[in-house]
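Q: missing the sequence, but the structure's below:
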C-alpha cells in the first residue's frame, strides 16, 4: 500500500505577500484583521500551509488507521468566494460558539464568512482559544 503524502504542509511562503496578493481590497483588509486577531489570540506566529492557508501553531496527529501528519491548530484563508476559517472539529462547545458567532455557514471542517463585520470577533477569539486547548488535549506533545 502506498504511503499517504500530506498535501497541506507548512511552507516558507510569506504570509504578508500572500495577503497583499488578494485581489479584493475588502477581503485583503479583512485578511489583515484576521491575521492580527489569530496571531494575538493564539500566541503563534503565522505560517503558510500549502498555497493558501494561513495557520497558527501546529500539532502532530495520528489516526487509528495509521494516517498521521501535521496541521495548524487554527487558521484561515481569504478565498475568492468566502473567507474560510479553520477550527478544531469534535470539541463539544463548537456548535454553541457558532450559534453566537454571527453570519456564517459551516462544513465539516471549515466555517465560512463573507466578511469580518458579519461576525463577533469576541466569539472568534473564543473559538481560536478553545480549538487550541481541545487539540492540545487530544494530541498531547509526544
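A: Good, I have the coordinates. Treat the numbers as computed from the prediction; the structure is a model and nothing was measured. Numbering: from 1, shown residues only.
Q: Name the helix or strand for the residue lying closest to residue 97 once chain neighbours are set aside, please.
A: Ranked by CB to CB, 6 or more residues apart in numbering and with sequence neighbours excluded, the top spatial neighbour of residue 97 is residue 127, at 5.1 Å. From N, CA and C alone the C-beta is placed, and that goes for glycine too. Assigned by DSSP states H and E, residue 127 falls within helix 121-138.
Q: Tell me the gap between that helix and the middle of its chain.
A: 10 Å (CA atoms, centre = their mean, to the nearest Å).
Q: for stretch 21-40, same thing?
A: Chain-centre distance of stretch 21-40: 13 Å, with CA atoms, centre = their mean.
Q: This protein: strands as residue ranges?
A: Ranges of strands within the chain are 46-49, 53-56, 59-62, 68-71, 74-78, 83-86, 105-106, 110-113, based on DSSP state E.
Q: May I see those strands arranged in a markdown table, with mean neighbour count, distance to residue 18 and mean pLDDT as well?
A: Supplementary listing: the strands of the chain in a markdown table, determined by neighbours: other CB atoms under 10 Å; distance: least, CB to CB, whole Å; pLDDT from 0 to 100:
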| stretch | mean neighbour count | distance to residue 18 | mean pLDDT |
| --- | --- | --- | --- |
| strand 46-49 | 22 | 6 | 98 |
| strand 53-56 | 23 | 7 | 98 |
| strand 59-62 | 13 | 22 | 89 |
| strand 68-71 | 16 | 18 | 90 |
| strand 74-78 | 25 | 9 | 97 |
| strand 83-86 | 22 | 14 | 97 |
| strand 105-106 | 14 | 24 | 94 |
| strand 110-113 | 20 | 18 | 96 |
